[in-house]
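Quick one: sequence plus predicted model below, questions after.
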Amino acid sequence: MSHTTLLDRVLAPGGIRIHFQPAYEVSGHGKRVHSLECLARGPAGTNAASANVLFEYVRLKHKEAEVDRACISAALSASRELNAPRLGINAHACTLARDPRFAEFLSTELQQNGIDPTCLTLEILEHGPALDSLSFLAAIESVRALGVRIALDDVGVGESNLRMLLDTRPDYIKLDRYFVHGASADRGRRAVLEAMALLARRLGASIVAEGVELAGDLDCVLGLGIRLIQGYVFCPALSPADLLQREPELRVQRPAA
Amino acid sequence: MLATTQHIPHRLLVVDDEPTVLFAMSEYLTVRGFRVDTAAELEEALALIAHIDYSAVIADLRLTGTTNTEGLEVVAAVRERSPGTRIVLHSGYGSPELEREALSRNVDVVLHKPTPMARIVDCLTRLLGGAL
């Protein structure tokens, strides 16, 4: 007798729920939403409702490519409810390496949802040590050719390392929260942040501080010239409805009937 | 309150590929005051163990898979991440060799199916060091 597995439920229609977390651009005039990162959750009431458990499970099942596609479809569809200046979607590096039709899939999804590719950033997650570099880099170039920008996620931990930075030449470098959290009280963390901010400038990339939760850490990263901020200090990941309550300017203006 | 330490319920993970077993154990243990998560697959259990600290894990030795001893992989993951977690291995097919193997991996108790629910709770009571 076969039972419905958690993966079946994740991949079933409506199995992926999307929350959005803004990244803000902070300037002398205040802050504004720079982009919205689409964050996937599994079905409510299952273990996969937690994003950490969902993606740990998916990686253990080696189903990153299937689930990444499902998450991207759900994210682009859900984003139609919002008037986002930019969107960020996530994919594992191994999905790019193993899925030769990924760029074609992404292009179709963008068209179907009426989203301008130049307003999209593909955020690359890397959790595995081994991938086919040639296929991976070819996929990056195919995605870039659509007009989509590339971000490297969780930079500084795991396999998101300096080699990945050089190989992918990302438009955005997203610094892992490990380096941000507690930076105001830790010279070592500040040194890493400062060095990464300089490296990003030299590589022509924008840098995003992830996981900014404390006012002191916010002051710290701003003081180091990092202007793109994502984290609880400004806004957690929220459902589209909750995000609109908080950021009403993201509401889609529909023509009057 | 039952099954608690300082009013915080002990959090348990029950791993079994039989949905009826998971449902029954979850219901019974929840009524007895535990906070219960369930997993029907090895990978689901491993994903939970990677992110949640459990007071105890009750794992079936044999899950749907290729080795028939997936429960031992659950044991290894728990011991690596959370040495203080108590482990009950539940076995319907276990041989004396497998039982010895399990105990050598620091499984706290091996129970043979079918095990009355009350005995599982007694076992947890003893392992978690408090009257339930």
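Ah, there it is.

Within its local environment, how many residues does the closest residue to A:S135 other than its chain neighbours see?
Distances taken as Cβ to Cβ, 6 or more residues apart in numbering or on different chains put A:A97 closest to A:S135, at 4.5 Å, once the chain neighbours are dropped. Yep, even glycine has a C-beta here, placed from its N, CA and C like the rest. A:A97 has 23 neighbouring residues, counting by other Cβ atoms under 10 Å in any protein chain shown.

Just the pLDDT for residue 29.
As the question left the chain open, I've gone with chain A. Looking at A:H29, its pLDDT stands at 86.

Oops, wrong one, chain B.
Reported pLDDT for B:L29: 96.

for the one helix or strand it maps to, packing partners?
Assigned by DSSP states H and E, B:L29 belongs to helix B:19-31. The contact analysis (3 or more Cβ pairs under 8 Å, 6 or more residues apart in numbering or on different chains; DSSP states H and E) places helix B:19-31 against strand B:11-15, strand B:35-39, helix B:117-128.

so which of the ones you listed comes closest to B:M25?
strand B:11-15 (4.9 Å; Cβ to Cβ).

Parallel or antiparallel, which strands does the closest one pair with?
Strand pairing for strand B:11-15, using DSSP bridges, gives strand B:35-39 (parallel), strand B:56-60 (parallel).

Give me the buried positions along the first one.
By 16 or more other Cβ atoms under 10 Å in any protein chain shown, the buried positions in strand B:35-39 come out as B:V36, B:D37, B:T38, B:A39.

isn't the second one right up against B:R11?
Yes. Checked against Cβ atoms under 8 Å, the pair B:D37 and B:R11 is within contact range at 7.1 Å.

tell me, what's touching these two both at once?
Overlap of the contact sets of B:D37 and B:R11 (by Cβ atoms under 8 Å, 6 or more residues apart in numbering or on different chains) consists of B:I52, B:Y54.

Quick check, pLDDT for the most centrally placed residue in chain B.
Nearest to the mean C-alpha position of chain B, by Cα atoms, centre = their mean, lies B:I58 at 0.8 Å. Predicted confidence (pLDDT) for B:I58: 96.

sorry, back to before: now the buried residues of strand B:35-39 as TSV including pLDDT and distance to A:L122?
Listed next are those as TSV, based on pLDDT from 0 to 100; distance: Cβ to Cβ, whole Å:
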residue	pLDDT	distance to A:L122
B:V36	97	39
B:D37	97	33
B:T38	97	35
B:A39	96	32
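
Determine which two of those are furthest apart.
Largest separation among the buried residues of strand B:35-39 by Cβ to Cβ: B:V36 and B:A39, giving 10.8 Å.

Show me the common contact partners of these two, please.
Common contacts of B:V36 and B:A39 (Cβ under 8 Å, 6+ apart): B:L13, B:V14.

For the helix or strand of chain A with the lowest mean pLDDT, name the packing helices and strands.
Scoring the helices and strands of chain A by mean pLDDT, DSSP states H and E places helix A:162-168 at the bottom, with a mean of 87. Applying 3+ Cβ pairs under 8 Å, 6+ apart, one finds that helix A:162-168 contacts helix A:133-145, strand A:149-155.

and that helix, which residues are buried?
Using 16+ other Cβ under 10 Å as the test for burial, helix A:162-168 gives A:M164, A:L165, A:T168.

If I look at the closest residue to A:A209 other than its chain neighbours, what pLDDT would I see?
Leaving aside its sequence neighbours, A:A209 sits nearest to A:V221 (Cβ to Cβ, 6+ apart; 4.4 Å). Per-residue confidence (pLDDT) for A:V221: 97.

Then A:T121?
98.

Can you give me the buried ones in the one helix or strand it maps to?
Using DSSP H and E, A:T121 sits within strand A:120-125. Of the residues in strand A:120-125, A:L120, A:T121, A:L122, A:E123, A:I124, A:L125 count as buried by neighbour count, 16+ other Cβ under 10 Å.

now stretch A:12-22
Residues A:G15, A:I16, A:R17, A:I18, A:H19, A:F20, A:Q21, A:P22 are the ones in stretch A:12-22 that count as buried (16+ other Cβ under 10 Å).

List just the nearest of those to chain B.
A:G15 (14.6 Å; Cβ to the nearest Cβ).
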